[in-house]
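Chemist: Give the three-dimensional model of this entry:
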Amino acid sequence: MKKYILFLILAITTSLNAQQQLSFSFGEIPQNLMLNPGAETNFKSHYGIPVFSNFQFTIGNTGFQMGDLFSNDSRSFNEKFEKVLDQLSPDDYINLNTKVDVLSFGYRYDNKTYISVGFYEELDLMVYFPKDAIEGLYYGNDPFFNRSFSISQAIMKADILGVLHAGMSRKVDEKLTIGGRVKIYSSSLNVETNNNSGSITTTTNNINISRLTLQNLDAEIRTSGIADSNDVFSNTLLGGNLGLGFDVGLTYHFSPQLEFTGSILDLGFIKHSKNTRNFTAKGNYILDGINFEYNSDDPLDYWQQLEQDIDARIPTEETEDAYTSWRPMKLNAALKYSFGERRNKLCYSKTHKQYYYNSIGFQIHTIMRPLKPQFSFTSFYEKSLSKKIHTKFTHTINDYSAAIFGVATSLQIGKLNIFGVLDNILAVTDVASANNISLNFGFNIVID
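Modeler: The predicted structure follows:
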């Protein structure tokens, strides 16, 4: 028992990469219902310990590793930065996500129905690397004559919101279990920009050394909650801009040992109408340099003239118009084959799930993002070490790497369920070599 507790502490102290691939279809924890409202359950009820029933933190990027910039070698930081910049692409991104279950509980309504409700807060940031802009700012325009820098690479979305939710899982028959969840979103802060267009090009002409051309600029930034930033967290409980969303899911048994699980999460939107500030800029501009003329009796403010000229040719506008923001929809699916000794839980003779000590399978996870979907493929092996200790071992292929190995564990101590996940095990001893880092753990009271 001591070594299992030590293993659990390790798993919940430091975990790397995508914990959702580990938790999905891991039926020993109540949080599985948040990933699949059609998941099967055996317990009578569960009560999440406030704030600690499910806490997760993830940060990562697909463009480089921290060691690429800060490795201890003979190269200068500029050399390292230039190499990283050279290997970046506009498809690379930085993602930050934090989710905390403030309240979470569920109970069995009857032999076939399980109801769960709760409230969680989430921060989600997605920023794509605008490689053209970074290169232009770092090197200047001198090395890039006749090259067009795209403004369309400016893509980002940031959200802080609270989610009040209620779901139900219903066993239709011995093969099929379905479920759904309704969510009320309360956004306290949103910043997003996408679908921008235009280009900046530096060329030569017959008058000056260079000509700077800004062509077909059409850019927009939409925000809400920026003007009311002091109330960011208080507005997450039905105090901000409201929206509606749904989760649906199912579990289907082709046989007692072969099952399919799938879910669609966050099919919803938020209507932003409070504290909105939107900024747009459209137009074309050509700059042939500045011809300085010195006149002590009538000095000219060249920079003011330039600013006025740009404002005249590229009009900007600030509005308080309402807008709609769509939530990043998530798709999950898993196929699992169970084998070995069977371990039944007979609390509910009509609904009990038959567990086996061993399972193998694969699962996919996709999340819709502004530029393109993020896709992960995971193969897994589940092993129950006893009736109280359950584990899951995975290999994942995703945007970050093709060789990510992870483990999840669930431990039942009396009525207390503790779970933790650890992914990207190979990078534990060298965090600088990892593309992303995440932490996920939870404590729940489970009544069988």
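Chemist: all contacts plus neighbour counts: C-alpha atoms, from now on.
Modeler: Fine.
Chemist: buried set for whichever strand or helix holds residue 335?
Modeler: Applying DSSP states H and E as the criterion places residue 335 in strand 330-344. For strand 330-344, the neighbour count (16 or more other Cα atoms under 10 Å) marks 330, 331, 332, 333, 334, 335, 336, 337, 338 as buried.
Chemist: Equivalent analysis for stretch 158-173, please.
Modeler: Result for stretch 158-173 [16+ other Cα under 10 Å]: buried residues 158-171.
Chemist: Now that stretch: average pLDDT?
Modeler: The predicted model assigns stretch 158-173 a mean pLDDT of 94.
Chemist: Equivalent analysis for stretch 49-61, please.
Modeler: Per-residue scores along stretch 49-61 average to 85.
Chemist: ditto for stretch 368-376
Modeler: pLDDT averaged over stretch 368-376 gives 88.
Chemist: And stretch 93-110, by the same measure?
Modeler: Across stretch 93-110, pLDDT averages out at 91.
Chemist: buried stuff in it?
Modeler: Those would be 93-108, for stretch 93-110 by 16+ other Cα under 10 Å.
Chemist: Parallel or antiparallel, which strands does the strand holding residue 335 pair with?
Modeler: Sheet neighbours of strand 330-344, with direction, are listed as strand 258-272 (antiparallel), strand 354-367 (antiparallel) (DSSP bridges).
Chemist: so of those strands, which one's packed in deepest?
Modeler: Of all the strands paired with strand 330-344, strand 258-272 has the most neighbours on average by mean count of other Cα atoms under 10 Å, namely a mean of 21.
Chemist: so can I have a markdown table of the buried residues of stretch 158-173 showing distance to residue 372 and secondary structure?
Modeler: Output for the buried residues of stretch 158-173, formatted as a markdown table (distance: Cα to Cα, whole Å; DSSP: H, G, I helix; E, B strand; the rest coil):
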| residue | distance to residue 372 | secondary structure |
| --- | --- | --- |
| 158 | 16 | strand |
| 159 | 18 | strand |
| 160 | 22 | strand |
| 161 | 23 | strand |
| 162 | 25 | strand |
| 163 | 25 | strand |
| 164 | 28 | strand |
| 165 | 28 | strand |
| 166 | 30 | strand |
| 167 | 29 | strand |
| 168 | 31 | strand |
| 169 | 31 | strand |
| 170 | 34 | strand |
| 171 | 35 | strand |
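Chemist: Pick the one among these closest to residue 81.
Modeler: Minimum separation from residue 81 among the buried residues of stretch 158-173 (Cα to Cα) is found for residue 158, which lies at 25.8 Å.
Chemist: Distance of that closest one relative to residue 240?
Modeler: 15 Å (Cα to Cα, to the nearest Å).
Chemist: Low-confidence ranges, the stretch 151-300 of the chain, go.
Modeler: Across the stretch 151-300 of the chain, the ranges flagged by pLDDT under 70 are 205-209, 228-231, 289-300.
Chemist: can you pull out the helices in the stretch 151-300 of the chain?
Modeler: In the stretch 151-300 of the chain, no segments count as helices under DSSP state H, counting those that start in this stretch.
Chemist: That one: strands as residue ranges?
Modeler: Secondary structure of the stretch 151-300 of the chain (DSSP state E, counting those that start in this stretch): strands at 156-171, 176-193, 197-203, 211-224, 241-253, 258-272, 276-287.
Chemist: which one of those strands lies closest to residue 35?
Modeler: Nearest of the strands of the stretch 151-300 of the chain to residue 35, taken as Cα to Cα: strand 258-272 at 7.2 Å.
Chemist: tilt between the closest one and strand 241-253?
Modeler: Inter-element angle recorded for strand 258-272 and strand 241-253: 170 degrees (by axes from the mean of the first three to the mean of the last three Cα atoms, to 10 degrees).
Chemist: which stretch among the strands paired with strand 330-344 comes nearest residue 447?
Modeler: Checking the strands paired with strand 330-344 against residue 447 by Cα to Cα gives strand 354-367 as the closest, at 17.6 Å.
Chemist: coming back round to it: can I get the strands of the stretch 151-300 of the chain in a markdown table including distance to residue 313?
Modeler: Formatted as a markdown table, those follow (distance: least, Cα to Cα, whole Å):
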| stretch | distance to residue 313 |
| --- | --- |
| strand 156-171 | 26 |
| strand 176-193 | 22 |
| strand 197-203 | 14 |
| strand 211-224 | 10 |
| strand 241-253 | 35 |
| strand 258-272 | 30 |
| strand 276-287 | 6 |
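Chemist: for the buried residues of strand 330-344, which one is nearest residue 262?
Modeler: residue 333 (4.1 Å).
Chemist: Just confirm that closest one contacts residue 260, I think it does.
Modeler: Yes. Residue 333 lies in contact with residue 260 (Cα atoms under 8 Å); the separation is 7.4 Å.
Chemist: Disregarding residues adjacent in the polypeptide, which is nearest to residue 319?
Modeler: residue 278 (5.2 Å; Cα to Cα, 6 or more residues apart in numbering).
Chemist: which residues touch that neighbour?
Modeler: Residues counted as contacts of residue 278 (Cα atoms under 8 Å, 6 or more residues apart in numbering) are 220, 221, 222, 223, 318, 319, 320, 321.
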